[in-house]
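Asker: dropping the sequence and predicted coords here.
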2 protein chains.
Amino acid sequence: MPPKTEEQFAEIRNEKTKLIMETALQLFANNGFDNTSISAIAKHAAISKGLMYNYFDSKDSLLKAVIMSGMDNFMHFLQVEDENNIEREELIRFIDGNLESIKQNTDYYKLYFSLVFQPKVFSLLGNDFILIFEQLINKLVLYFSQKEEKNPYVKTRLLLAIFDGVGIHYISDPESFPLNDIRELIIEMI
Amino acid sequence: MPPKTEEQFAEIRNEKTKLIMETALQLFANNGFDNTSISAIAKHAAISKGLMYNYFDSKDSLLKAVIMSGMDNFMHFLQVEDENNIEREELIRFIDGNLESIKQNTDYYKLYFSLVFQPKVFSLLGNDFILIFEQLINKLVLYFSQKEEKNPYVKTRLLLAIFDGVGIHYISDPESFPLNDIRELIIEMI
DNA sequence: TATCTTTGACCAATCGTTCAGTCAAAAAAA
DNA sequence: TTTTTTTGACTGAACGATTGGTCAAAGATA
């Protein structure tokens, strides 16, 4: 029989994994991934350097876990239903989810924007991003088609670009960026 | 007397400086700043490592020069006049300049977005960015005030955010992103 | 020769990663 | 209760690779 139950060990591992990932996200986002050493993460998390390698195979593997976790979190905010049809109310919920996600996960957005253009990093993540993105496009195109928008696809691509632009500007300057007022302008557009 | 005239040496230095900066921009943008070694830059530029240090004091100094040069280039595209007043025609020129700048300097935008959130890098650049940004805000607020827009400041912040969002999406996917059609939508907004 | 550009071996520092070994805690045995 | 055994989380010195940066010497040209 083990000295601790499996459940106890699992909880320890869960908490430490979470601690390491949260610390890593904070440092990656604000100092850059390549500029953040494992030593620095260990120091901030008050653990040893070796322990990180007990939980993650490599620095790349840690990065992947951090980004995937952030993406999961983002998807929960969106709450997009799987039906094909989409009502205006649901689109507004989607917009609010997007803006709320930006507010609550600024570090994740910083990390995302700082790495998304590096082919090496992008390939690390597989094509989950692309699939989710295409799914979003299809839904929004359908919505704007129903609204008899002149060019539903173009409007869709603009709207998705706006989310990222608003995200970047909010992150750069959270105090003075009028996020709530801009929400109203976006809703007027749809 | 030197073996070459001052002018000859100056031209050599100008050309080499340009070569190093262009090579560095390309590698910084696509592989990341910290992930690009001086040796790699030298190899791609077909010069020695030591020569880079003949032209730039440090890697940070090279980065600063690259970013500043990109910003100068960006400002030339904008062609914003110094008068207080701003006509619709000039704003459209400004939009077109912005979009054209994105098209022609994708590497610079990649580098910019990948570093802008790092406090260490941001402080390297001084507050030129902030000043230019505030100047743009003031001009656009004035324009939208003249158009009797409901909330000129909010509209301005949204428009500037849109430029960055469009830039990111175009860079991520230049082939399928409908930049020209989106230009029309933006112009309809102003 | 005189002068500036150019080279690449070299350095100390830091990096990601490894691994032999320590430790507290709890079940099992006494 | 007390002692022994067993477990896996945890540590940190050490390693090879790589980094930004230096510099004495060579190359080139008038």
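Answerer: Perfect, thanks for sending it.
Asker: residue contacts, A:Gln118?
Answerer: B:30-32, B:35, B:114 (Cβ atoms under 8 Å, 6 or more residues apart in numbering or on different chains). Quick note: C-beta positions are derived from backbone N, CA and C, even for glycine.
Asker: host element of A:Ile171?
Answerer: Assigned by DSSP states H and E, A:Ile171 falls within helix A:152-172.
Asker: and the lowest-mean-pLDDT helix or strand in chain A, what does it pack against?
Answerer: Using mean pLDDT, DSSP states H and E, helix A:119-124 stands out as the lowest-scoring helix or strand of chain A, at a mean of 84. Contact here means 3 or more Cβ pairs under 8 Å, 6 or more residues apart in numbering or on different chains; DSSP states H and E; on that basis helix A:119-124 packs against helix A:59-78.
Asker: quick revisit: the helix holding A:Ile171: what's the following helix or strand?
Answerer: Trace forward from helix A:152-172 with DSSP H and E and the next one is helix A:179-189.
Asker: check whether that following helix contacts chain B.
Answerer: Yes - residues of helix A:179-189 contacting chain B under Cβ under 8 Å from any Cβ of the partner chain: A:181-182, A:184-186.
Asker: now a ChimeraX select for only the buried ones of those residues.
Answerer: Buried residues among those (16 or more other Cβ atoms under 10 Å in any protein chain shown), as a ChimeraX selection:
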select /A:182,185,186
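Asker: okay, the residues of helix A:179-189 next to chain B in a markdown table with distance to DNA strand C and pLDDT next?
Answerer: As requested, the residues of helix A:179-189 next to chain B are exported to a markdown table (distance: Cβ to the nearest atom of the strand, whole Å; pLDDT from 0 to 100):
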| residue | distance to DNA strand C | pLDDT |
| --- | --- | --- |
| A:Asp181 | 41 | 97 |
| A:Ile182 | 37 | 97 |
| A:Glu184 | 43 | 97 |
| A:Leu185 | 42 | 96 |
| A:Ile186 | 39 | 97 |
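Asker: which among the residues of helix A:179-189 next to chain B gets closest to A:Leu160?
Answerer: A:Ile186 (11.5 Å; Cβ to Cβ).
Asker: the closest one reaches A:Gly165, doesn't it?
Answerer: No - using Cβ atoms under 8 Å, A:Ile186 makes no contact with A:Gly165, being 10.9 Å away.
Asker: helices or strands next to the helix holding A:Ile171 in the packing?
Answerer: Counting by 3+ Cβ pairs under 8 Å, 6+ apart, helix A:152-172 packs on helix A:88-104, helix A:106-115, helix A:128-146, helix A:179-189, helix B:152-172, helix B:179-189.
Asker: quick one: which of the ones you listed is nearest A:Leu63?
Answerer: Nearest to A:Leu63 among the helices and strands packed on helix A:152-172 is helix A:106-115 (8.0 Å), distances taken as Cβ to Cβ.
Asker: and the angle from that closest one to helix A:128-146?
Answerer: Interaxial angle, helix A:106-115 versus helix A:128-146 (axes from the mean of the first three to the mean of the last three Cα atoms, to 10 degrees): 100 degrees.
Asker: quick one on the thing from earlier: okay, the contacts of A:Gln118 in JSON lines with neighbour count and pLDDT next?
Answerer: Converted to JSON lines, the contacts of A:Gln118 look like this (neighbours: other Cβ atoms under 10 Å in any protein chain shown; pLDDT from 0 to 100):
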{"residue": "B:Asn30", "neighbour count": "18", "pLDDT": "96"}
{"residue": "B:Asn31", "neighbour count": "18", "pLDDT": "96"}
{"residue": "B:Gly32", "neighbour count": "23", "pLDDT": "96"}
{"residue": "B:Asn35", "neighbour count": "17", "pLDDT": "96"}
{"residue": "B:Ser114", "neighbour count": "23", "pLDDT": "95"}
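Asker: dump those residues to TSV, plus distance to B:Thr156 and secondary structure.
Answerer: As requested, the contacts of A:Gln118 are exported to TSV (distance: Cβ to Cβ, whole Å; DSSP: H, G, I helix; E, B strand; the rest coil):
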residue	distance to B:Thr156	secondary structure
B:Asn30	32	helix
B:Asn31	35	helix
B:Gly32	32	coil
B:Asn35	36	coil
B:Ser114	26	helix
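Asker: picking up where we left off before, average pLDDT across the helix holding A:Ile171?
Answerer: Taken as a whole, helix A:152-172 has a mean pLDDT of 97.
Asker: got a list of what A:Leu99 touches?
Answerer: A:166, A:179, A:183.
Asker: which strand or helix spans A:Lys43?
Answerer: Per DSSP H and E: helix A:38-45 holds A:Lys43.
Asker: where in chain A is pLDDT low?
Answerer: Scanning chain A for pLDDT under 70 picks out the ranges A:1-5, A:9, A:79-84.
Asker: again, 80 this time
Answerer: Across chain A, residues meeting the criterion (pLDDT under 80) sit at A:1-9, A:12, A:78-85, A:124-129.
Asker: can you name the residue of it nearest to chain B?
Answerer: Proximity of chain A to chain B (Cβ to the nearest Cβ) peaks at A:Gly165, 2.4 Å away.
Asker: any idea how far A:Lys16 is from the residue in chain A that DNA strand D sits nearest to?
Answerer: Here chain A gets closest to DNA strand D at one residue, A:Gly50, 1.7 Å apart by Cβ to the nearest atom of the strand. Distance of A:Gly50 to A:Lys16, given as Cβ to Cβ, to the nearest Å: 13 Å.
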